[in-house]
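**Student:** Let me see the structure of the following:
(3 chains)
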Amino acid sequence: MNDQLREAPGAKGSIPTLVLQNISKAFGGVAALTDASLELVRGEIHALIGENGAGKSTLINIATGVHRPDRGTIRIGEQVVHFSSPGAAAEHGVAVVHQERNLVRKFSLAENLLLGRQPVNKGLVSYRKMVEDAAPWLERVGLRFDPRTEASQLSPGQAQLLEIAKALTRRCQVLLLDEPTSSITDAEFEHLVGILRELRDSGTSIVFVSHKLEEVYALCSRATVLRDGRNVLNGAPLSEVSQGDIVRAMVGRHIELFASGGATKRAAGPAHLELRGVSTELGHHGVDLTVHRGEIVGLYGLVGAGRTELARAIVGLAKITGGELRVAGKPAKVRNPYDALRHHRIGYVSEDRKDEGLILTHSISRNVGMTVWKRLEAKFGWISETRVRPHIAPPLQRLDVRMHRVSQPVGSLSGGNQQKVSAAKWIAAEAELLIFDEPTVGIDVAAKDAMHRLIAELADDGTAILLISSDLREVVQLADRIVVMGDFRILDELEGGGQYAPISERVMQAITAATLAAQPDEHDAIAGSPVH
Amino acid sequence: MAASAAIDGQLQASAPVPRVWPSAIERVREALGTQTSAIGLIFLIAITWTAFGIAGSGFLGSYNLYSIGQLAARDAVLGMAQAMLIVVARMNLAVGSIGAVCTSLLGYLLVSAGVPVWLAFLLVAVVGVLAAVLMGVAELMTGLSSFIVTLAFLSAYAGGALLFTGGRQYQISSSIVTRLGNGTLFSSAICPLVAIAIVCGVACWLLYSRNSLGWKMLAVGANERAARASGVNVSRVVLAAYALSGLLCAVATVMNASYELNVNAGFGSDWLLPSFIAAVLGGVALTGGEISVTGILLAALFFDSLQSGLTIINVPSYWIELPEGLVLLVAVLLDRARRARRRTMQPRSATSTPEPDAVVAQ
Amino acid sequence: MNRVLRTQWAPLLAATIVAGIVLSLATKQFGSSFNVYTILQTAAVYTVIGLSQMMVLAVADMSLAVGGIASLVTIATGNLYQVQHWPIGAAIAGSLALGLACGLVNGAIIATTKLSGFIVTLATGTAFTGIAYGITSSIPYSNIASVLTNLGQGRAAFFSYLLLPAIAMTLAVGAGFRWLPIGRSLLAVGGNKDAAVLSGLSEKRAIVTAHAVSGVLAAVAAVLYIGVLQSATPATGSDWLIISFAVPIIGGTALVGGEAPASGCFVAAIVLSAINDALIVLNVNTEAVQMAEGLLIFAAVIAGKLGQSVRGGTRRSVGRPSTGPGRLGQIAQDAATPGLGMP
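**Tutor:** Sure thing, here's the model as predicted:
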C-alpha cells in the first residue's frame, strides 16, 4: 500500500509552487527559525515534522502571512512575494486550516463556507443561492450533509473537512493543514486521506503537519523535518527514509548536555508515587507507573501521547476516573493542586509557563512564595515579605535566577529565568514529588544546563521526580528509568543512565511497534469503506 | 559539568552578586510607584478645593467639609466593597441590594425589635456576609460569570428587602447611631464616619500587604489558572472575597443609616455607580490582581468634593448625575491609557536590564 | 412546529399558558379582557426593551445604558413636542435619531478602546440620565401628543395597540438578523470572533452597529412608554436594567453571543408581564415580583447552560476527546470566566 503511495510526484521535474527559502525569524532575541526552508511542488502532499518548539508553527505562520521573516525569501512559482497579512497570503492562493476550529457553530454549513461572502439578492441574504453555491464544495470534500445543517452537528473530523472546503472556495493552490488529525477518528482520517489525494491529483500542493508518523507515511510523498528551528531533512522523499530515521531526525539534539550524563546510579528509596490501573477523564486507561524517592523517572513519548495529561491528573487538575493513586504507600485522593501541595507535597512545573506556571505581572517574590504562604502565615493569615524571604532566597540562589530585584515583575525576565522562577516555587515548597513538564523547551543553553543540574541534585537529595520531556537525549541522560508512553498508554519501561544509542533504539522500537501494531486492524476495517 | 562550572566561576568573579533584596528606601519608592493614581488624585483634590474655595462661598467651611467627609466615607467603603471582588477579577452588582437588605434589617432590629445596638450591628454584618457568600456559592456551583449571578441576586435581594419591610420607614433614634453619623470627631469639620472609613482602609491595606489571604486574592485575580496550579485554593479565596465584599456593604449600610436615620428598603438603589467610581478612579485594575486602597479613599473624597462643589456654585441638583457618569468614563479611559503606556514601556525595561544568560551562552 | 417546540422558551410559554388558564378559572379578574390588555400593554414595552439589550448580547457585549438612553429620549420627545412645538412625527424622528447617536457613542468608545461594554455603558448611561434630569430639572412634560396616548392606552378588547409596534420591531429585528448581511455579520462576530475576522468581517463594525441599533430600539421603547405613562419624565428607564437582561435571557439569548432569538424576547416579555400581573391579582406583595425576576434570570441561564452541555455531550463523544493542554486550558478558563469580559 505504501509503495504505491510513494510514487506520488516527487521532486524531479515538477513545478515549484510555494517555496520558503532560508527563512530566519527570532522573537525577542531567541531564534525560532534559522535558515529553514520548505519547498513545495505542484500536486504533492508534503509532511512538515518536528517536535514542539522546533519551529513548525513559526514556519506556517510565515507562509500564511501572520509573521514576517527576518531573513529569507518566499516565492510563489518564480515570483518573489511578501505577505503583509493573512489576507495577502490568501490572495496568493495560500490557505491554512488551523487546529482550532474556526466555525460559527450556530450557522449552517453553507453559511460557514461562504462566511462574509454570503450571496445577496436585492440587499437580502439569499439562502437558496447560498445552498446552491455551497453544495458542490461540500460534495467535493465528501461532506454528505444537507448544506442547511447547523455546523454544531459536525464531529471534529467533519468540521476539519468543512474548513478545507472553506479554503477551497477561496481557490487556494497551497493548503496547509496544521495537525488536522489530532482529534479525529480513524474512519474520518481515512476519509480525509481520500479527499487530500484527490486534491493533490487535481494539482493542489498540501502541507501536512502531524506528529503521527504512520499517517505521514500513508499520505505524504516527501518530508521536511525541523529541529531547533533548522532543517534536518529538506523535502526528503519518504520512499528513501525509514520511520526510524525520521524519529531520529526529530529528536536528536546537537546541544551538549552536562557531562556527568547520569553515570552515577542513584540508590532509589521506597516507592513514593504509585499509579495502579489508573484511568482518567482525559482518556488514559490502565496506567501503571511508580516513582521512587530519589529517583528520576523519565516519561517519554511523542506529542499527543498523553504525558502532560497524566501529570495534570496526578496533581488534581483533571479527574481520575478509575484505578488507584498512592502517595508514600497510602491511597491518596487529590481533588485539586491545593490537596496535592498541602497533603501530599506534590509539585508540578507546568509546560505552559506563561499562562499556568507564573503570574507574569506579579513580582518574583510573590510568584516563588505562593506555594509557601500557607505554611508560613501566622494566626489569621498574617504574613510579610521578610517572613517569606528566608524560604524563597535559597531556591532563587540555587537556581541562580538573574534578576535586578526580587520585586520586579516576572514578565520582565528572560525566558530561561522565568522557567527557573517557575521551578524555584516548588523547591521553596519542599515538594517530595516534583513533576517537570518540558522543563527546557524554549529556553537558552545556560538555563537548560541549570535546570538539568537542579533535577539531578533534587533526586540526589531524595525527591521523587517525574520528568516529562520530548527531548530523548535529555531523558536518557537524566532519568534512572524511562517510561515510554503512546496513545494514553504505557508502551514500555526501561533502565536509564546508559548509552544513548541502544536506549534510543529501543524507545523508537517501542513507539514504532505500537503504531505498527495498531495499523493492520485499521486497514482491515477500512478496506471495505467506500472512500478507499 | 566542569566546563559550565568554570564558566560560572568566571562569571561570579567578573560580576559581583547583585543585591536583589530592595532596601527600605527602594521599597518606599516602589510602593509610591504603584500609587500613581493616588498621587494624581491628591492633585485633583487640591485643584478642586482651591477652585471651589475661590468660586463658591462656604466650600471650605466646616459645615461643608463635614458633609463631604460624611458622604466620602460611605462611598470609600462602598468602593472597597466593590474592589474586593474586582481584585479577584469579578464584580458585585448587588452592593446596593445587600445594602437594602442590611438597611431593612437594621431598621427592624433597632426600631421594631428594640435589639441592643451592638447586637443589631453584629447581625447586620452576619447577614451582609451571608448574602454575599450565597452569591459566591452560586457562582462557583454554576460556573456562570459573576456579572449575571450578581445581577440576578441584585433583583432578588432588592425585592426581598421590600417584601420584608412592606415599604415601612424606620426612624432610628439610638443615640450611638446618631452620634456616629451626626456627631463630630476632634473638630467640627470631621464626621466620625471618616474614622470608620480610614479604619476600613487600614484593614484593607493590611489585608493586601500583610495577609496571605489578600496576597492570594491578588494572585487569583491576576491569573486564576496559575494560582490554582500553584496550590492556591481558588474556591476558598473567591468565597472569602465575596464575604469581605458583603461585610463592607454591611459597614456602608450602618454608615449610611447613621446619618440618614429615617431609613427604608429603598436605600442602596443608587450605590452601584459610586462603588465603581471609587474603585476604578482609585486605580483598581478592572482585569483583577491589582489594588490601591489609598486610591479608593482619595477617589471617594475627590468625587464627593466635586459633587459638593458643584452644589456650592449653584449648579442645580438635577445636573448632579451627569458629572457622575462623566467622571467614571474619564476614569476608565485614563486607566486604559495608563495601562497601555505601561505595557509599551515594559519590553524596554526588560532589555535595558543586562541579560546575563546571553553572557553565559557565549 | 418542531422548531418552535425545541426553542428554550417553549416550555416556559406552555407553563405560563396553563397557569394563566388555571388562574382565570380561579379568579375572575385575571382572565378579564381588561387585565389581559394590561398584561399585553406592559409586555409590548418589555419586548422592545429586551430587543435593545439583545442586539448587544448578540455580539457578546452588554449595555447598561438602555435605561439611560430611554431617559434622554423620553425628555427629548417631550421637549421637542411641548416646548419646541415640533409636529409629533418630527419629534419622534428626532428622538429616534438621538437614540441612534447615543448608541453610536457607546459603540465607538467600546470598539476603539476595547474596554468592556459593562463599564463604558455604566458611565455613559449615567451621563445620559444626568443630561435628561438636568434639562428638565426633573419636571416631566405633561403635554403628550394624542397619537402617543392613543397608542399607549388604546385597545380592541384585550388587544393593546402597543402590540403592533412591538410585533413590528420583533419581526424587523428577527428579519434583520436573518436576511441582512450585516445581521449575519453581527451573529458571526458574536458566535466566533476569530472565524468572523479570518473571513474578513470587521469586529469593530459589528460592535458599533449593534450598539447603534440598540440605541434606536431603546428610543422606540421610550417613545412607546410615554404613551403608557402619559407623561415624559426623565425617571423613565431608571428601573429597566433588570428587565432589559431578563427578557432576552429568558427568551433564550446566550450571554456568550452569536444568538438573537427575537421571538423569544416577545414570549419572555409576555411571560414576565403575566407573572407580574398574576402576583398582583393573587394579592402577593408587588415586591415579590422583583424577586421573581431575579430568580427567573438565574433559572433561565442555568437552564440554557444545561441544555448546551447536554447537546454538546453527544457531539463530543464522536471522536476521542481532544486532550491538548490548549483545550484543557480553555475549559479551565471557561470555568473561571472573569467578571469583566475584555482585558
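**Student:** what about residue B:160, distance to residue B:106?
**Tutor:** According to Cβ to Cβ, to the nearest Å, residue B:160 and residue B:106 sit 15 Å apart. C-beta coordinates here come from the backbone N, C-alpha and C atoms, glycine included.
**Student:** Measure how buried residue 227 is and give me the count.
**Tutor:** Looking at chain A here, since you left the chain open. 20 (other Cβ atoms under 10 Å in any protein chain shown).
**Student:** I was thinking of chain B, sorry if that wasn't clear
**Tutor:** So residue B:227, with other Cβ under 10 Å, has 27 neighbours.
**Student:** Likewise for the one 4 residues further on?
**Tutor:** The burial metric for residue B:231, expressed as a neighbour count using other Cβ under 10 Å, is 27.
**Student:** Residue C:303 too?
**Tutor:** By other Cβ under 10 Å, neighbour count at residue C:303 equals 16.
**Student:** secondary structure element for it?
**Tutor:** helix C:287-316 (DSSP states H and E).
**Student:** go on, residue A:468?
**Tutor:** strand A:464-469.
**Student:** Dump the C-alpha coordinates for that strand into PDB.
**Tutor:** Extracted in PDB, the C-alpha atoms of strand A:464-469 (Å, rounded to 0.1, in the frame of the first residue of the first chain):
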ATOM      1  CA  ALA A 464      11.000  11.700  43.600                       C
ATOM      2  CA  ILE A 465      11.000  13.200  40.100                       C
ATOM      3  CA  LEU A 466       8.800  12.600  37.100                       C
ATOM      4  CA  LEU A 467      10.400  14.200  34.100                       C
ATOM      5  CA  ILE A 468       8.200  14.700  31.100                       C
ATOM      6  CA  SER A 469      10.200  15.600  28.000                       C
END
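**Student:** And the strands in the stretch 201-350 of chain B?
**Tutor:** For the stretch 201-350 of chain B, the strands defined by DSSP state E, counting those that start in this stretch occupy B:262-263.
**Student:** Name the nearest residue to the residue of it found nearest chain A, sequence neighbours excluded.
**Tutor:** Taking Cβ to the nearest Cβ, chain A has its nearest neighbour within the stretch 201-350 of chain B at residue B:231, 3.3 Å off. Using Cβ to Cβ, 6 or more residues apart in numbering or on different chains and skipping residues adjacent in sequence, the residue nearest residue B:231 is residue A:341, 3.3 Å away.
**Student:** In terms of helices and strands, where is the one you found?
**Tutor:** helix A:337-344.
**Student:** and if you look at residue C:101?
**Tutor:** helix C:88-113.
**Student:** Give me the helices and strands touching that helix, please.
**Tutor:** helix B:321-352, helix C:66-78, helix C:117-136, helix C:203-229 (3 or more Cβ pairs under 8 Å, 6 or more residues apart in numbering or on different chains; DSSP states H and E).
**Student:** Sketch out the low-pLDDT regions of chain C for me.
**Tutor:** Where chain C drops to pLDDT under 70, the residues are C:1-9, C:283-286, C:304-343.
**Student:** Distance check, residue A:203 against residue A:330.
**Tutor:** For residue A:203, the distance to residue A:330 equals 64 Å [Cβ to Cβ].
**Student:** about what we covered before: tell me the buried residues in the helix holding residue A:341?
**Tutor:** In terms of neighbour count (16 or more other Cβ atoms under 10 Å in any protein chain shown), helix A:337-344 has its buried residues at A:337, A:338, A:339, A:340, A:341, A:342, A:344.
**Student:** Pretty sure the fifth one sits against residue A:347.
**Tutor:** Okay, so that is residue A:341. Yes - the pair residue A:341 and residue A:347 passes the contact test of Cβ atoms under 8 Å, sitting 6.8 Å apart.
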